[in-house]
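Chemist: have a look at this fold, sequence not included:
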Ligand SMILES: [Zn+2]
């Protein structure tokens, strides 16, 4: 099995195609997670929107995530570490005022792309959050 760091997976390529179809420009594999060398799969640096395409197995999708039967303790801790790292990545980005969008590889990528377009539109309308929120 390949590591979760694999780039340009089929679902990721498919989502990128849908984003381009909507006329959205993005940066790939942007290293913008403060204090780490982690990369954002698909980044919109202007409005600070970070998109991750998460594999169902490696990232523990609620529908398709599972722990392999053999060596299951090792797998459980491995997958748990992945989940904690995902949370840590999101938190670091949010601390720097990014909006984080996570897309499961099983999702319909056309729908995911429209959702991302909506996030980008909201972000452009209200940059850096709403100051009136206190
Ligand atoms: Zn899934």
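Modeler: Yep, it's here. Everything numeric in this text was worked out from a predicted model, so none of it was measured.
Chemist: for the chain, what spans make up the helices?
Modeler: 10-21, 72-95, 109-125 (DSSP state H).
Chemist: could you confirm whether the shortest one reaches the ion?
Modeler: Same thing as helix 10-21. No: residues of helix 10-21 contacting the ion under CB under 5 Å from the ion: none, with a closest distance of 10.0 Å. C-betas here are computed from N, CA, C, even on glycine.
Chemist: residues contacting that helix, please?
Modeler: Applying CB atoms under 8 Å, 6 or more residues apart in numbering, the external contacts of helix 10-21 come out as 26, 28, 41-42, 51, 53, 55, 103, 105-107, 109-110, 112-113, 116-117.
Chemist: if we go to 6 Å?
Modeler: The set of residues external to helix 10-21 that reach it, using CB atoms under 6 Å, 6 or more residues apart in numbering, is 41, 53, 105, 109-110, 112-113.
Chemist: and the spatially most central residue of the chain, bridged to which residues?
Modeler: Nearest to the mean C-alpha position of the chain, by CA atoms, centre = their mean, lies residue 52 at 1.6 Å. For residue 52, the beta-bridge partners under DSSP bridges are residue 102.
Chemist: so how far is residue 94 from it?
Modeler: Here residue 52 is placed at a distance of 13 Å from residue 94 (CB to CB, to the nearest Å).
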